[in-house]
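Enquirer: Just need the structure, nothing else, for what follows:
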Amino acid sequence: MNQSYQNHDMDPYDNYPRYEPVYKRKRKWLAGLFSMFVPGLGHMYLGLLQRGLMFMFLIAVNISFITLIVNNGDPNVALVTIISLCIPITYFYTIFDVLQYTDRINYFISLGGTTPEAIKQLSGNNNLGFMLIAVGGWFFLLSVNPKWLTFIFESALGSYIGGILLVIAGVVMIFLNQRKK
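Expert: Predicted coordinates for the structure are as follows:
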């Protein structure tokens, strides 16, 4: 009996050359349209799922933060206004970003096709999981409403802590930039 018929684990097409997958060019207008209707949906159309989820998450967190401030007694109008201005900034940045990524992905496709690794390199190193954990912890603290947290925000310590956190974030960014070089 022929040995190729006996061995069922073998692929019968092993002797033929394999073709690289052909990726279709992404339509810029469609990616922009998706991002106009739902921020982050255009990124998902391009295959950048983490980035799309990040933008959806930013919009949702912004809206929930506004409602949290307004529903907790006397709302600070200036704070609500500043946080509300983050929604159109995120919205328009999402549209701009998806149009730029569409050009980049189409450029890689025009070079003879792209691989998922190249698309992952485009999206960068998103620490979406850490961001979800941090914001989840933040909302947990706000829902529990401990006395020490309200003291920090109602006293002058709140602005000091915000400044210290911004300085620490700047130092971390400088350190990460120098480590990349």
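
Enquirer: any idea which helix is longest in this protein?
Expert: Counting by DSSP state H, the longest helix found in the chain is helix 77-110.

Enquirer: distance of residue 108 from residue 49?
Expert: 17 Å (Cβ to Cβ, to the nearest Å). All C-beta spots, glycine's among them, are computed from the backbone N, C-alpha and C.

Enquirer: worst-scoring helix or strand of the chain, pLDDT-wise?
Expert: When the helices and strands of the chain are compared on mean pLDDT, DSSP states H and E, helix 3-6 comes out lowest with a mean of 53.

Enquirer: after that one, next one along is what?
Expert: Downstream of helix 3-6, the first helix or strand assigned by DSSP states H and E is helix 28-37.

Enquirer: how far does that following helix sit from the chain's center?
Expert: 17 Å (Cα atoms, centre = their mean, to the nearest Å).

Enquirer: between it and helix 77-110, how many degrees?
Expert: Relative orientation of helix 28-37 versus helix 77-110 (axes from the mean of the first three to the mean of the last three Cα atoms, to 10 degrees): 160 degrees.

Enquirer: Show me which positions of helix 28-37 end up buried.
Expert: 28, 31, 32, 34, 35 (16 or more other Cβ atoms under 10 Å).

Enquirer: I figured the third one hits residue 42, correct?
Expert: This means residue 32. Yes: applying Cβ atoms under 8 Å as the test, residue 32 and residue 42 come out as touching, 6.4 Å apart.

Enquirer: hey, what's in contact with both of those two?
Expert: 95, 98, 102 (Cβ atoms under 8 Å, 6 or more residues apart in numbering).

Enquirer: quick one, what contacts the first one?
Expert: When you say that, I think you mean residue 95. 32, 35, 36, 39, 42.

Enquirer: which of those residues lies closest to residue 137?
Expert: Closest to residue 137 out of the contacts of residue 95 is residue 39 (24.1 Å), distances taken as Cβ to Cβ.

Enquirer: State the distance from the closest one to residue 14.
Expert: Applying Cβ to Cβ, the value for residue 39 to residue 14 is 46 Å.

Enquirer: neighbour count winner among those two?
Expert: residue 39 (24 against 8; other Cβ atoms under 10 Å).

Enquirer: which residue packs closest to that one, ignoring adjacent ones?
Expert: Once flanking residues are discounted, residue 39 sits nearest to residue 94: 4.1 Å by Cβ to Cβ, 6 or more residues apart in numbering.

Enquirer: residues near the one you found, how many?
Expert: Using other Cβ under 10 Å, residue 94 is surrounded by 27 other residues.

Enquirer: Confirm for me that it is in contact with residue 55.
Expert: Yes: between residue 94 and residue 55 there is a contact under Cβ under 8 Å: 4.8 Å.

Enquirer: which neighbours do the two share?
Expert: Residues touching both residue 94 and residue 55 (Cβ under 8 Å, 6+ apart): 39, 40, 43.

Enquirer: Thanks again, I'm all set now.
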